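Chemist: sharing a model that was predicted from the sequence below.
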Amino acid sequence: MSTIALPRTVKNTLPLLRDSALLVPLVGAGVLIYLAVLPLFMLLLGSFEVEVAPREFITSLKNYQDAYASEHTYSTFVNSLIFAGGSSLLTFTLGTVLAWLVERTNTPLRVIFYPMAVIPLILPGVLEAIAWIFLLSPKFGYINVALMSLFGLARPPFNAFTLPGMIWIHSVGQVPLAFLMMVAAFKSMDPSLEESAMMSGASTWQTLRRITLRMLMPTSASVLLILFVRTLESFETPALIGIPARIYVYTSEIYLAFSEYPPNYGRGAALAVGLLILSALGVWLYTRSTREGKRFQTVTGKAFRPRQFDLGPWRWVGFTFLLVYFVGVVLLPFLVMLWASFLPFFAAPGWKSLEILSLDNYRYLYGFRPFWDAMWNSIVLALLTATVGMVLTSLIAWVVYKSRLPGSWILDFLAFVPITVPGIVLGMALIMFYVAFPIPVYGTIWVLLIAYVTRYIPYGMRSASGAILQIHSELEEAAGTSGASWWQTFWRVTLPLLRPGFAAGWIYICIVSFREFSTSVLLATGDSRVLSILLFNMFEQGQVTVVAAIGIVMIFTLVAIVAVFQKLSGRVGIQT
Amino acid sequence: MHRNRRLGVHMISGLFLGLLLFLFDSPAGGQSLDELHKLALKEGGTLNCYCTLAVVNAQKIFPEFEKRFPGIKVNHVDLTADQLAARAVAEARGGRTIGDVIQGSLENVIQVFEQKLLLEKLPPEAAAYPAELKGSYWVSNNMVFIIAAWNTGLVQKGDEPKSFEDFADPKWKGKLIAEPRDLELLMGLGRYKYKSDEKAIEVLKKIAVNNVEFHKGHSELAQFLLAGQGAACLTCYSHHFPPQIKKGAPLAYLLSEGIGTINGTAVFKDSPHPNTAWLFARWAASEEGQKVYAVGGRTPAHPKVEPTEKIRPAKIYPIGVAEIKDWKKYEKTWKEIFKLR
């Protein structure tokens, strides 16, 4: 009987399937397919549909003609590539240097920089872009004005409304994502190769360049990919900086298609399919570059604690870098927001504006019932989304990278799909699907949970897969030989080893779902209103300084959540 | 003869039956608001309001409605009008109507009507409104005005604009900001002020020579004006200014003329709470309801009700159904004038 010819992959798979608990990751994969295929299907369908009568559609290629046969197609494509390429490289470099300095060197005071690094992620995108305009506008930007008067310059040195301005403003908002993912990777690194290199006489820089960075290849590729696609689909900077500067990228084109009258959803969807194809290309390249996963397995059965590089006198250079970064990139926009939150309207810092400082905005929020309701909904959703999202993506990452099931790369691709579906398209897809659904989730916060988990699967997946690739199979095999079931192995070996990646993903998803806007806009109702909707609503009404106060409250709430989470996850996981 | 008489009897009974159906089957028209209130209570007492009202306004307006009609609770779905329309249409494609009333920019109300989702009927209270503020299925509820504004720290006394065309003066070069989607300015000037699209295009082309800088969103625009990104704003919203000026912001705005954009109210054809929807639509259009809207911080559309703030321009160029019909044409011209995408 044992001679039945089976394809090799299936043969490899079979022993795993003997364990009935394996159903758990397979169910996870099923949930992913359910969550990702629906918006993908709706997006593709929408891109071929042209409305001929009220709610009557014909299939046509017209949307694609409108979207891609325009005189602007080429310039939009080039702008998008420069914007996404430039931003992802800058973000990755900054995030990696920060993570390395904080996690793996003896740079002074590095510990206090860790929580501060996450702050730009928390500031609502629209507020952050505005804060940067207030700093870098050629006409009134505080930095420009200060430098001009300090050095007697005739022209402002910076201009926010340019392509480099767009790249800078978008990048500094994304650095925390790169930072979190790279910290996780640095944390779970077995230092034995580095130690061998150093013992063989390699300098710190040689070791860093030839060993550390090479070992980080899969995570780096993963981070770069997600940064690239994340930039392609980002909206705030292209809208707030790109539109006045007349620099158009894919997302501003999608935005313009949706804000036409009547809105051209078909053209928007066709443009989004372009994003999808670019992203698919990215995923394919990524899968190719990390195909030989074993090369990158850095967590093995040996006990280890990643070593710290002694930078010698260079540690003061590292310290200066951290200081300049945090003052220039984190503190300044934060201070602009903090300053605004005490003002009745935006005014440049100065003696005159000191007279109008007050706590009025905070007092107003304190007595503003909708604010507290929305705050509660947002906190519940952020916690649930992060937890559900990370458990789900850890299971899927396991299926993709460890189960050896044929075709599991499709899951990896599917887990990436939601990133390319514009928030409003996802929102509309979910409405159409859930409005008549037998389980009455529509109009409650549960439909928002479904939407958020769907939207943030790609981020969870990158964190989880980067981390799972680093775990050597010998650990799971050892557990298996010692008689542990799949579930026991996953729960007691894999998951604890995944902790740094899991924590990074959890924190990221928690923060981004706290401020999620474009899908919530269509799905939230009076009772399930979330903070970002309230914020947008008040912003639209011109209450910008109250919105700044909400932003500040959000920062402190999220910092508290993240701190509690880190304390808890530190207790339950293994100590690396 | 006999046949004719029978036909006559049939016609009369048919008309009578039609009248009965009209009175009892559709939400009642001739009833008092209190009678309608009783019918609304039987529907469960919920009103799903797809309304663009800001939370700050809604907080003052809806509790008054709930107080006036005890037992009715407003479930406020507060989005921008285009998002409300997108949501209503998506829900209809999913096979359900959830909204009872929609209140938002006229073009989006029209968009929902064109999807055959709205009831073609007017509340009796609409009789008090001028023709340009109502249609066959919508009545204006409040208005938003696009006006010119400036930063008093950057524009010297005596240099202030007196009308939109003043911005054609080269002294404004590099000093103007505007919203990229405000083609209502072109419509209003062309259709009402100059009664000639060519003249409006000519004026706007001269303004365009002054390098207008476009920023997305009216809220951002007001902030950038305040900060000095531009000395003057070509298309700001008037209601953004009184609260800021009261707090001492160095801003001023032009109230001699402005473009009036209409926020309309309409009832969903398949509203899950038809009487409640109708009750709200009638109350919102009534003088009583409009006074509440005024106190709540909106500019009422009712001719007899004054706004509480100075936000209604002396001369209004209202953007109505006729202009919205030609939206595409105007949009194309607007984009060409300012080289927008």
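Modeler: In hand now; what should we look at?
Chemist: low-scoring stretches of the stretch 301-450 of chain A, by residue?
Modeler: A:301-307, A:422, A:424 (pLDDT under 70).
Chemist: what residues does A:L381 make contact with?
Modeler: Residues in contact with A:L381 (C-beta atoms under 8 Å, 6 or more residues apart in numbering or on different chains) are A:I445, A:L448, A:L449, A:Y452, A:S513, A:F514, A:V530. (C-beta placed from N, C-alpha, C; glycine too.)
Chemist: could those residues go into TSV alongside secondary structure?
Modeler: Conversion of those to TSV gives the following (DSSP: H, G, I helix; E, B strand; the rest coil):
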residue	secondary structure
A:I445	helix
A:L448	helix
A:L449	helix
A:Y452	helix
A:S513	helix
A:F514	helix
A:V530	coil
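Chemist: buried residues in the top strand by length along chain B?
Modeler: Scanning chain B for the longest strand, with DSSP state E as the assignment, gives strand B:139-151. By 16 or more other C-beta atoms under 10 Å in any protein chain shown, the buried positions in strand B:139-151 come out as B:139-151.
Chemist: spell out which parts of the stretch 201-341 of chain B neighbour chain A.
Modeler: Contact residues, the stretch 201-341 of chain B versus chain A (C-beta under 8 Å from any C-beta of the partner chain): B:213-220, B:222-224, B:226-230, B:237, B:239-240, B:243-244, B:247-249, B:327, B:331, B:339, B:341.
Chemist: coming back round to it: reformat the contacts of A:L381 as CSV; add neighbour count.
Modeler: Output for the contacts of A:L381, formatted as CSV (neighbours: other C-beta atoms under 10 Å in any protein chain shown):
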residue, neighbour count
A:I445, 22
A:L448, 27
A:L449, 18
A:Y452, 27
A:S513, 28
A:F514, 26
A:V530, 29
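Chemist: what residue ranges in the chain score low on pLDDT?
Modeler: Because you didn't say which chain, this covers chain A. A:1-22, A:188, A:190, A:259, A:283, A:286-307, A:422, A:424, A:526, A:569-576.
Chemist: you answered for a different chain; I wanted chain B.
Modeler: Looking at chain B by pLDDT under 70, you get B:1-30.
Chemist: quick check on the residue nearest the centre of it: phi, psi?
Modeler: Per C-alpha atoms, centre = their mean, the C-alpha nearest to the average position across chain B is that of B:N263, at 1.3 Å. Dihedral angles of B:N263 (phi, psi; degrees, to the nearest 10) stand at phi -100, psi 120.
Chemist: and the gap between the nearest residue to it once chain neighbours are set aside and A:V391?
Modeler: Nearest non-adjacent residue to B:N263, counting by C-beta to C-beta, 6 or more residues apart in numbering or on different chains: B:N142, 4.9 Å away. Distance from B:N142 to A:V391, counting by C-beta to C-beta, to the nearest Å: 48 Å.
Chemist: try B:W283
Modeler: 49 Å.
Chemist: buried ones in stretch B:235-248?
Modeler: B:T235, B:C236, B:Y237, B:S238, B:H239, B:H240, B:F241, B:P242, B:P243, B:Q244, B:I245.
Chemist: revised request: answer the last question for stretch B:284-294.
Modeler: Neighbour count says stretch B:284-294 has B:A284, B:A285, B:S286, B:E288, B:G289, B:Q290, B:K291, B:V292, B:Y293, B:A294 buried, by 16+ other C-beta under 10 Å.
Chemist: with stretch A:324-342 instead?
Modeler: Across stretch A:324-342, burial judged by 16+ other C-beta under 10 Å covers A:325-326, A:329-330, A:332-334, A:336-342.
Chemist: next: stretch B:69-79.
Modeler: B:F69, B:I72, B:V74, B:N75, B:H76, B:V77, B:D78, B:L79.
Chemist: distance between the ends of that stretch?
Modeler: With C-alpha to C-alpha, to the nearest Å as the measure, stretch B:69-79 spans 25 Å from end to end.
Chemist: hmm, who's touching that stretch?
Modeler: A:521-522, A:525-527, A:529, A:533, A:537, B:33, B:37, B:40-41, B:45-55, B:58, B:62, B:65-66, B:84, B:87, B:99, B:276, B:279-280, B:283.
Chemist: the same query, at a cut-off of 6 Å, please.
Modeler: Among residues not part of stretch B:69-79, those counted as contacts by C-beta atoms under 6 Å, 6 or more residues apart in numbering or on different chains are A:521, A:525-526, A:537, B:37, B:41, B:45-50, B:58, B:62, B:66.
Chemist: most neighbours of all the residues you listed, which one?
Modeler: The residue in the contacts of stretch B:69-79 with the most neighbours, by other C-beta atoms under 10 Å in any protein chain shown, is B:Y50 (29 neighbours).
Chemist: show the contacting residues for that one.
Modeler: B:Y50 neighbours (C-beta under 6 Å, 6+ apart): B:V77, B:L84, B:G99, B:I102.
Chemist: A:I468 now?
Modeler: For A:I468, the contacting residues are A:A397, A:Y401, by C-beta under 6 Å, 6+ apart.
Chemist: centre of the chain to the host helix or strand of it, how far?
Modeler: Taking DSSP states H and E as the definition, one finds A:I468 inside helix A:445-469. Helix A:445-469 sits 10 Å away from the centroid of its parent chain (C-alpha atoms, centre = their mean, to the nearest Å).
Chemist: contact partners for B:F268?
Modeler: Applying C-beta under 6 Å, 6+ apart, we find B:F268 in contact with B:T97, B:G99.
Chemist: and it, how far from chain A?
Modeler: B:F268 is 14 Å from chain A, where distance means C-beta to the nearest C-beta, to the nearest Å.
Chemist: how about residues contacting stretch A:507-524?
Modeler: A:121-122, A:124, A:180, A:378, A:382, A:385-386, A:389, A:423-424, A:426-427, A:447-448, A:451-452, A:456, A:459-460, A:530, A:532-533, A:558, A:562, B:79, B:83, B:87.
Chemist: start to end distance for it?
Modeler: End to end - C-alpha to C-alpha - stretch A:507-524 spans 23 Å.
Chemist: check stretch A:257-265 too.
Modeler: OK, stretch A:257-265 end separation, C-alpha to C-alpha: 7 Å.
Chemist: so B:H218 makes contact with B:S238?
Modeler: No: contact status for B:H218 versus B:S238: not in contact, 10.3 Å apart, counting by C-beta atoms under 6 Å.
Chemist: can I assume A:F536 sits in a strand?
Modeler: No: counting by three-state DSSP, A:F536 is not found in a strand; it is helix.
Chemist: neighbours around it, how many?
Modeler: 21.
Chemist: kindly report the same for A:P238.
Modeler: By the measure other C-beta under 10 Å, the count of residues near A:P238 is 28.
Chemist: same question, the one 10 residues further on
Modeler: A total of 19 residues lie near A:Y248 under the criterion other C-beta under 10 Å.
Chemist: ditto for B:Q115
Modeler: Neighbours around B:Q115, by other C-beta under 10 Å: 18.
Chemist: how near is it to chain A?
Modeler: Taking C-beta to the nearest C-beta, one finds B:Q115 at 5 Å from chain A.
Chemist: can you list phi and psi of that residue for me?
Modeler: Main-chain torsions, B:Q115, degrees, to the nearest 10: phi -90, psi 10.
Chemist: check contacts around it.
Modeler: By C-beta under 6 Å, 6+ apart, the neighbours of B:Q115 are A:P54, B:V89.
Chemist: ranges for the strands of chain A?
Modeler: Counting by DSSP E, the strands of chain A are A:49-53, A:56-59.
Chemist: next: chain B.
Modeler: In chain B, the strands defined using DSSP E lie at B:46-51, B:73-77, B:101-105, B:139-151, B:176-178, B:213-214, B:232-237, B:251-253, B:257-267, B:299-300, B:315-319.
Chemist: contacts only, for residue 173.
Modeler: Reading this off chain A. A:P120, A:E128.
Chemist: I was thinking of chain B, sorry if that wasn't clear
Modeler: Taking C-beta under 6 Å, 6+ apart as the test, what B:K173 contacts is B:N210.
Chemist: please determine how far it is located from chain A.
Modeler: For B:K173 relative to chain A (C-beta to the nearest C-beta), the value is 14 Å.
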